[in-house]
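S.K.: fold the following, please.
(one chain, ligands or ions: 2)
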Amino acid sequence: MSRQTTHYSVIVPAFRENGNIRPLVTRIYAALRRGESPVPAEQVEIIIVDDNSRDGSVETVQDLQREGYNVRIIVRTTERGLSSAVVRGFQEAVGDNMLCMDADLQHPPEYVPAMLASMSPTYTFVLGTRYGKGVEMDKDWPLYRRIISSGARLLALPLTTASDPMSGFFGIRKESFLKARNLNSQGFKIALDLLIKAQIPPNAIAEVPFSFGVRSEGESKLTGKVMVKYLEQLAELYWHKFSILVVIFVLLVVIGFLYLVQTWLGSPSTPANHRY
Ligand SMILES: Nc1nc2c(ncn2[C@@H]2O[C@H](COP(=O)(O)OP(=O)(O)O[C@H]3O[C@H](CO)[C@@H](O)[C@H](O)[C@@H]3O)[C@@H](O)[C@H]2O)c(=O)[nH]1
Ligand SMILES: [Mg+2]
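M.R.: Residues are numbered from 1 along each chain as shown. Ligands and ions are numbered 1, 2, ... in the order given. Next comes the predicted model:
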């Protein structure tokens, strides 16, 4: 397939997802080949960024390539982590419109055509949202995950107007991605980082509601450590976005404090009418 005809890249971070790769790739291309797809299948590549899972994922991708699917796999041996895998995929992408989605089918492959088609020079960011009209979390998604997700979303409210910045189902145009500096590649929440650091204006975000499914194969990689990393990421983003305000606030407090001290030192210890 010619690189010139590849306008869209689907990036899939994957760790021990061999059982999900074939259904993911075949379902994405089946959706793109449907008559109503706004994006032609020939213009789409899939890049799987695997962290040396050694579970047969490479062989599965080779089989899919032999069957004619435009999919490739990058195996990282010295790095680990969801966000850095996504960043690597974006760096390797040929398409100008780049979509990120999970391997485990929790992001329904049937939404890929709509997600890809939503990106344009006007809408430089597309967000698959679980909080849109007419969609709901899968009822089997555990209560503790819903609570964590809502809490995490609440903490991000001052940072962005996007309805679901925790979502791992999102797309960004290459030119916007290239604007982002100092991305946090440690955590899970790369969409939030990109929204802030690529300075995506609220009116450039297209939202596509989707119903979040449950994982059928393999295990979630969300751990307590990942949650701590999220809090660190939030602190960094708050500083990134509000540092000027924090500096002004601190300056005002210092000036106010100095003024009080000066007034206190300068004020007479005896009442004014007793002075000469
Ligand atoms: N390469 C690589 N991929 C990883 C790693 N850790 C996780 N992944 C991949 O990243 C995807 C999401 O990981 P899950 O472990 O399935 O995450 P989750 O707990 O289901 O979280 C999902 O929901 C969040 C919203 O609550 C999303 O933010 C998140 O992206 C993901 O969609 C999967 O494809 C998984 O294989 C890693 O260290 N390296
Ligand atoms: Mg998952």
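S.K.: now name the helix or strand holding the residue nearest to Ile74 when sequence neighbours are not counted.
M.R.: Distances taken as C-beta to C-beta, 6 or more residues apart in numbering place Val49 nearest to Ile74, at 5.0 Å, with adjacent residues excluded. Placement of C-beta: from N, CA and C, glycine included. Assessed by DSSP states H and E, Val49 sits inside strand 44-50.
S.K.: between the helix or strand that comes right after that strand and strand 44-50, what angle do the directions make?
M.R.: Counting by DSSP H and E, the next helix or strand C-terminal to strand 44-50 is helix 57-66. Note on geometry: by axes from the mean of the first three to the mean of the last three C-alpha atoms, to 10 degrees, helix 57-66 and strand 44-50 are set 170 degrees apart in direction.
S.K.: wait, does the strand holding Val49 contact ligand 1?
M.R.: Yes: using C-beta under 6 Å from any ligand atom, strand 44-50 reaches ligand 1 at Val49, Asp50.
S.K.: that strand - what's its average pLDDT?
M.R.: Across strand 44-50, the average pLDDT comes to 98.
S.K.: use 17 as the first number for this chain going forward.
M.R.: I'll keep to 17 as the first residue from here, and by that count the last item is strand 60-66.
S.K.: part of a helix, is Ala130?
M.R.: Yes: assessed by DSSP: H, G, I helix; E, B strand; the rest coil, Ala130 belongs to a helix.
S.K.: now for the lengthiest helix in the chain, which elements pack on it?
M.R.: Using DSSP state H to define each element, the chain has its longest helix at helix 240-282. Judged by 3 or more C-beta pairs under 8 Å, 6 or more residues apart in numbering; DSSP states H and E, helix 240-282 is in contact with helix 159-172, helix 206-213.
S.K.: how about stretch 40-48, which residues are buried there?
M.R.: Residues of stretch 40-48 classed as buried by neighbour count (16 or more other C-beta atoms under 10 Å): Leu40, Val41, Ile44, Tyr45, Ala47, Leu48.
S.K.: next one: stretch 197-210
M.R.: Quick answer for stretch 197-210 (16+ other C-beta under 10 Å): Leu199, Asn200, Ser201, Gln202, Gly203, Phe204, Lys205, Ile206, Ala207, Leu208, Asp209, Leu210.
S.K.: let me know the closest of those residues to ligand 2.
M.R.: Phe204 (10.1 Å; C-beta to the ion).
S.K.: contacts only, for the closest one.
M.R.: If you count contacts by C-beta atoms under 8 Å, 6 or more residues apart in numbering, Phe204 has them with Leu98, Ser99, Gly184, Leu238, Val242, Lys245, Tyr246.
S.K.: so it, which state does it fall into?
M.R.: Going by three-state DSSP: Phe204 is coil.
S.K.: go on, Glu235?
M.R.: coil.
S.K.: dump the residue contacts of the residue nearest to it when sequence neighbours are not counted.
M.R.: Closest residue in space to Glu235, ignoring its immediate chain neighbours: Arg32 at 7.7 Å, by C-beta to C-beta, 6+ apart. Residues near Arg32 by C-beta under 8 Å, 6+ apart: Ser69, Asp71, Ser73, Gly234, Glu235.
S.K.: so the third one makes contact with Ala30?
M.R.: To tie it back to what came earlier, the one meant is Ser73. Yes: with contact defined as C-beta atoms under 8 Å, Ser73 reaches Ala30; the gap is 6.5 Å.
S.K.: so what sits against both of those two?
M.R.: Ile37, Ile64, Asp66.
S.K.: the protein against ligand 1: which residues are in contact?
M.R.: Residues of the chain lying near ligand 1 (C-beta under 6 Å from any ligand atom): 29-31, 33, 65-67, 96-98, 101, 118-120, 122, 165, 182-184, 204, 231, 236-238.
S.K.: give me the buried subset of these.
M.R.: 29-31, 33, 65-67, 97-98, 101, 118-120, 122, 165, 182-184, 204, 231.
S.K.: please name the bridge partners of the residue lying closest to Lys149 once chain neighbours are set aside.
M.R.: Sequence neighbours aside, Pro225 is the residue nearest to Lys149 in space, at 6.2 Å (criterion: C-beta to C-beta, 6+ apart). Note on Pro225: beta-bridge partners Thr145, judged by DSSP bridges.
S.K.: next, count neighbours for Pro225.
M.R.: 17 (other C-beta atoms under 10 Å).
S.K.: can you check the pLDDT for it?
M.R.: 93.
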